[in-house]
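A.B. asks: Everything below, folded, please.
(2 chains)
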There are 2 protein chains.
Amino acid sequence: MGYLTTLYGHSLALLTDLYELTMACGYWKSGLADRETVFHLAFRHNPFGGGFGLACGLGPAVEWLSDFRFTGEDLEYMGGLRGNDGQPLFDPAFLAFLEDLRFTCDVDAIEEGTVVFPHEPLLRIHGPALQCQIAESALLNLINYQSLVATKAARIVTAACGRRVIDFGTRRAHGIEAGVLAARAAYIGGCDGTSNVAAGHRFGIPTYGTQAHSWVMAYDREEEAFRRFQEVFPEHAILLVDTYDVRAAVEKIIASGRKPRGIRLDSGDLVADSQWARQRLRQVGWEDVQIFASGNLDEYRIAALLERGAEIDGFGVGTALVTSEDAPSLGVVYKLVEVEAEEERRLAAKFSDAKTTYPGRKQVFRFRDARGEFYQDLIALEGEQPAGGEPLLVPVMRGGRRLHPSSPLVELRERCADARQHLPAALRQLEAAGTYPVRYSQQLEALQQAVRQRYRGGVEEKQQKAAPTRRG
Amino acid sequence: MGYLTTLYGHSLALLTDLYELTMACGYWKSGLADRETVFHLAFRHNPFGGGFGLACGLGPAVEWLSDFRFTGEDLEYMGGLRGNDGQPLFDPAFLAFLEDLRFTCDVDAIEEGTVVFPHEPLLRIHGPALQCQIAESALLNLINYQSLVATKAARIVTAACGRRVIDFGTRRAHGIEAGVLAARAAYIGGCDGTSNVAAGHRFGIPTYGTQAHSWVMAYDREEEAFRRFQEVFPEHAILLVDTYDVRAAVEKIIASGRKPRGIRLDSGDLVADSQWARQRLRQVGWEDVQIFASGNLDEYRIAALLERGAEIDGFGVGTALVTSEDAPSLGVVYKLVEVEAEEERRLAAKFSDAKTTYPGRKQVFRFRDARGEFYQDLIALEGEQPAGGEPLLVPVMRGGRRLHPSSPLVELRERCADARQHLPAALRQLEAAGTYPVRYSQQLEALQQAVRQRYRGGVEEKQQKAAPTRRG
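C.D. replies: Numbering: from 1, shown residues only, chains lettered A, B, ... in the order given. This next block holds a predicted model:
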């Protein structure tokens, strides 16, 4: 396990930003470590110019939280960190405190694969300020990436109009873990499988594979390369036909008389070549030989191929999917919305110019019409119970323990496919026409006004005090 | 370790594409598993519209190769995979063979942090076909991503003109491992440090951090939030001043009389606010308070800020760096260039339309002028010894064992910074003017012609045979 140990050591707790640990130390020294706080995790814009997002990444995030603890090695490293003055950055008493720290927060979240919209909290964490703070980096990281990939997958699957879509992105993912996370998210978002064997193993995702150019090149003659592969895998050989010349390769396969399961085109004119290949295969009675395409595909290229009449039964999608090429970040944010103060709960909201957030612990309610179509979401305070609204945030962890195992991926995938069917059609298009209506409850609007008022009062008072200095 | 175990199990060998394993099985069944092959890993275009790339990721890649083996659990999973006919995909005898398989290849590579150009092999692997094939996915994955991030880092550092640049990207990286890999690559490429604590721990990279908006919001009054943080970290507090109102926050800090180490601007007009803050800080004699900026920065925005006179001492860069935003993939390829045939070594080269490669086992030679400036690279056959050329590929593993430990990151980073200084100035610009001269040796050109000739002969012969069918 040298590779993983080199990257991670034996602990996950250091997989965070330094400021989470310095702030944790600050809370601890100020006696605020255990002050109850509530944080929300949300995104601000639908990715890819589309009309929705998909929540994803909760399973690995809960796994991470469950595992959270500092090892002796972690604490030794932290003890050795020095500040600018050469003094230890962290107090030994603080490190002793961390040694016994376990995650005890409550987590509520929107299930993976659920259709979500900007500003809706995907995850809500409630617990001691110090713990909520340390968890920030990992939660943002895991949910940001997987939500992107799941959403991208749904778009690609939409473009493929029922044809098979397989994640081929492992080699282009940002690290080895990213390949596994992408395969998982892509499957939830609607892909039919992955080339990533570890993801197949760990999550039960169907795995797919064909053959590489190197296989063909390893033999003196292309027909020999095909024959050998078909001898080994008589029932599943999908032969890669673009190493030298697509049409010559297809002719060689036909001439051999050995029907493959399919062929793969990885370059060239996929419309013309697939149409030609389909015709040739039909001519020899091989109607059921599948034509598979790959090579820098994304939702737009797939839609264009099919519109131009490409005869393709399945797509392998790599780079665009796993790097979330046209939106490499979802810009997920993690915001403090509530802090326990001495006597009363105090609400926090941020009012800097561009990034206004609503205070308070929230729930998202989804409303369906008589046919089951989604027509509106309502972001409300947790206690509210608007008639007919389905609450999307559900309990996931209590006191740091997960309440139930993750749902099987195949279920998440089915529910996701079903939910996408209930979105307004205009929002399912690659370029969404319109915006899904997400409103804030009256109680929440009133609360924001009150907090804003109170804060403005405070600022004005302070600014008056500060004014002489400011001019000075 | 539930999180990692869930993702990876206890093995790394399955972190590959299924077709690597089916091809491995094919080689094994065809008696070609041990046939000697040589593969090259290279990219085709400089990323980001720049004039160079940086090789990176070798350390983790070698780590992965060293660890390579199939566990019983891996093989059990593989044994359970079924083909379309319901029969096991893999033969039990093949799985038994994998159980004893260890990596025994030779690896030569260009050291991390080296300036590299399109078509130059960054890594050369020589050994049994089966092993070289299985290693493909992980090698591509690790070198593709880290080379991108290192190159991006160098561009950002160039734009920052000597000011400090810190990787703040962990939360936007594509998974938790990606955050660590990005921190490592960014440091080699020239960043001064990272916020990622695990990367600090594992690789000795300096770690940096400030404070989050949530810290400020957790207190009733902003000045209290600042005071508490400064009490805990009197020497290192960098105070985040944009939670509510930047100028009011700076006035509060000045009014407190407690000089912080620095302030951080994370939104708003960074030029105007930094100039204003610098002036105010100078007015009170706080010339040495650093002004740090963050928030969706990249090399172009940093260059524009400095051109417009921003008074910024250091930059925190996140999303653009760790997602390699404007070039999320380097498109690294792994090509078979040589295969041992029965009686003689046979050379492989691919001649499909768009993607021509040169056959043969290669070396890259770099030429410097009298002042030490790079003026030309030569891609030659391994045995060639062009006068004055420095060979860039150096032995890394022999018989599957690494020859020496990875160089300390700080050395790689220094060598990288030095190498970038020896590039022609036109190629160091963000938008490169011109192309660095990379030539192929005469021997290599002659070899390619010979292989092409031989292959064309073969194809024409085959096409003639196939012609009747083609018309039929």
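
A.B. asks: just the helices in the stretch 351-472 of chain A please.
C.D. replies: Under the criterion DSSP state H, counting those that start in this stretch, helices of the stretch 351-472 of chain A are mapped to A:409-421, A:425-428, A:442-471.

A.B. asks: again with the stretch 101-250 of chain A
C.D. replies: A:129-159, A:176-189, A:197-203, A:213-217, A:222-232, A:246-256.

A.B. asks: Can you tell me which of the helices of the stretch 351-472 of chain A has the worst average pLDDT?
C.D. replies: Here the lowest mean pLDDT among the helices of the stretch 351-472 of chain A goes to helix A:442-471, at a mean of 64.

A.B. asks: any chance of the helices of the stretch 101-250 of chain A in CSV, with mean neighbour count, mean pLDDT and distance to residue B:22 too?
C.D. replies: C-beta here means a position set from N, CA and C on the backbone, and glycine is covered the same way. Output for the helices of the stretch 101-250 of chain A, formatted as CSV (neighbours: other CB atoms under 10 Å in any protein chain shown; pLDDT from 0 to 100; distance: least, CB to CB, whole Å):
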stretch, mean neighbour count, mean pLDDT, distance to residue B:22
helix A:129-159, 27, 97, 24
helix A:176-189, 31, 96, 17
helix A:197-203, 24, 92, 10
helix A:213-217, 25, 89, 9
helix A:222-232, 21, 95, 8
helix A:246-256, 21, 98, 18
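
A.B. asks: Low-confidence stretches in the stretch 201-350 of chain A?
C.D. replies: Flagging of the stretch 201-350 of chain A using pLDDT under 70 yields the residue ranges A:342-345, A:350.

A.B. asks: just to revisit the earlier point, take the helices of the stretch 101-250 of chain A and write them to a markdown table, including distance to residue A:43.
C.D. replies: Listed next are the helices of the stretch 101-250 of chain A as a markdown table, based on distance: least, CB to CB, whole Å:
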| stretch | distance to residue A:43 |
| --- | --- |
| helix A:129-159 | 7 |
| helix A:176-189 | 15 |
| helix A:197-203 | 24 |
| helix A:213-217 | 39 |
| helix A:222-232 | 44 |
| helix A:246-256 | 42 |
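
A.B. asks: And those helices: which comes nearest residue B:414?
C.D. replies: helix A:176-189 (27.9 Å; CB to CB).

A.B. asks: Let's see the closest one as PDB, backbone CA atoms only.
C.D. replies: Output of helix A:176-189 as PDB, limited to C-alpha atoms (Å, rounded to 0.1, in the frame of the first residue of the first chain):
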ATOM      1  CA  ILE A 176      -6.600   7.400  -9.600                       C
ATOM      2  CA  GLU A 177      -9.300   8.000  -6.900                       C
ATOM      3  CA  ALA A 178     -11.000  10.500  -9.300                       C
ATOM      4  CA  GLY A 179     -11.400   7.700 -11.800                       C
ATOM      5  CA  VAL A 180     -13.200   5.600  -9.300                       C
ATOM      6  CA  LEU A 181     -15.400   8.500  -8.000                       C
ATOM      7  CA  ALA A 182     -16.200   9.500 -11.600                       C
ATOM      8  CA  ALA A 183     -17.300   6.000 -12.500                       C
ATOM      9  CA  ARG A 184     -19.500   5.900  -9.500                       C
ATOM     10  CA  ALA A 185     -21.100   9.300 -10.100                       C
ATOM     11  CA  ALA A 186     -21.500   8.700 -13.800                       C
ATOM     12  CA  TYR A 187     -23.300   5.500 -13.100                       C
ATOM     13  CA  ILE A 188     -25.700   7.200 -10.700                       C
ATOM     14  CA  GLY A 189     -26.200   9.900 -13.300                       C
END
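
A.B. asks: What distance do you get for residue A:307 to chain B?
C.D. replies: Taking CB to the nearest CB, to the nearest Å as the measure, residue A:307 falls 23 Å from chain B.

A.B. asks: how does chain A divide into domains?
C.D. replies: A:2-150+A:327-441, A:210-293 (automatic domain parsing).

A.B. asks: Okay, and the beta partners of the nearest residue to residue A:211 once chain neighbours are set aside?
C.D. replies: Leaving out its chain neighbours, the residue that sits closest to residue A:211 by CB to CB, 6 or more residues apart in numbering or on different chains is residue A:240, at 5.1 Å. Taking DSSP bridges as the rule, residue A:240 bridges to residue A:264.

A.B. asks: could you list every residue that touches residue A:240?
C.D. replies: A:210-213, A:215-216, A:263-264, A:266 (CB atoms under 8 Å, 6 or more residues apart in numbering or on different chains).

A.B. asks: go with 7 Å
C.D. replies: Applying CB atoms under 7 Å, 6 or more residues apart in numbering or on different chains, one finds that residue A:240 lies in contact with A:210-213, A:216, A:264, A:266.

A.B. asks: cool, residue A:424 as well?
C.D. replies: When contacts are counted by CB under 7 Å, 6+ apart, residue A:424 touches A:373, A:436.

A.B. asks: Likewise for the one 10 residues further on?
C.D. replies: Residue A:434 makes contact with A:426-427, according to CB under 7 Å, 6+ apart.

A.B. asks: and with 10 Å instead?
C.D. replies: A:51, A:424, A:426-427 (CB atoms under 10 Å, 6 or more residues apart in numbering or on different chains).

A.B. asks: Also residue A:211?
C.D. replies: So residue A:211 contacts A:225-226, A:229, A:233, A:237-240, A:243, A:264, B:19-20, B:22-23, B:26 (CB under 10 Å, 6+ apart).

A.B. asks: just residue A:98 next, same as before
C.D. replies: Taking CB under 10 Å, 6+ apart as the criterion, residue A:98 is in contact with A:13, A:21, A:24-25, A:28, A:69-70, A:74-75, A:78, A:90, A:130, A:134.

A.B. asks: where exactly do the strands run in the stretch 1-150 of chain A?
C.D. replies: A:36-42, A:53-54, A:106-110, A:115-116, A:123-128 (DSSP state E, counting those that start in this stretch).
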